[in-house]
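Chemist: give me a model of this one.
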Amino acid sequence: MLEPTHNNELPAIPGKRYFTIGEVSELCAVKPHVLRYWEQEFPQLKPVKRRGNRRYYQREDVLTIRQIRGLLYDQGYTIGGARQRMTDENGKGSISAELRTVIKETIEELEDVLKVLAPSK
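Modeler: Alright, predicted model coming up:
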């Protein structure tokens, strides 16, 4: 995965499973409204939405955001150019991004079911 030099100055990503939009904003040095805009422009970026449409990003999402940030801010790509580069590089278009979202949601639902079925210790 492409990791531009400026991204090395960003803080380390903690070993958490989920991050709020505020946490991701700080980790990637990008304002929350920019993150929401990028979700519309980049099919690879699909955070999980839970209660009240709150966004929860995973580590993979944070890395994707840092990659997008590097393309736009460090390498001077336009939104369209960065989108094309991300699609070419990852070999993933909007169909696979949608599929990844469905898989993420399915895994989370199954984990919730496991918690209910697991005997209390």
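Chemist: now the lengthiest helix in the chain: mean pLDDT?
Modeler: For the chain, the longest helix by residue count, based on DSSP state H, is helix 94-117. Confidence for helix 94-117, expressed as mean pLDDT, is 78.
Chemist: then stretch 59-74?
Modeler: 93.
Chemist: what is the neighbour count of residue 13?
Modeler: 15 (other Cβ atoms under 10 Å). C-beta here means a position set from N, CA and C on the backbone, and glycine is covered the same way.
Chemist: ok, residue 58 next?
Modeler: 16.
Chemist: ok, now residue 42?
Modeler: When neighbours are defined as other Cβ under 10 Å, residue 42 has 21 of them.
Chemist: show me the contacts for it.
Modeler: 64, 68, 82-83, 86 (Cβ atoms under 8 Å, 6 or more residues apart in numbering).
Chemist: of those, grab the buried ones for PyMOL.
Modeler: Restricted to buried positions by 16 or more other Cβ atoms under 10 Å, the PyMOL selection for those reads:
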select buried, resi 64+68+82+83+86
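Chemist: sorry, back to before: helices and strands around the longest helix of the chain, which ones?
Modeler: Using 3 or more Cβ pairs under 8 Å, 6 or more residues apart in numbering; DSSP states H and E, the elements in contact with helix 94-117 are strand 48-50.
Chemist: quick one: the helices in this structure?
Modeler: Ranges of helices in the chain, per DSSP H, are 21-28, 32-41, 59-69, 79-90, 94-117.
Chemist: got those helices as CSV, with distance to residue 9 columns?
Modeler: Output for the helices of the chain, formatted as CSV (distance: least, Cβ to Cβ, whole Å):
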stretch, distance to residue 9
helix 21-28, 11
helix 32-41, 18
helix 59-69, 11
helix 79-90, 20
helix 94-117, 28
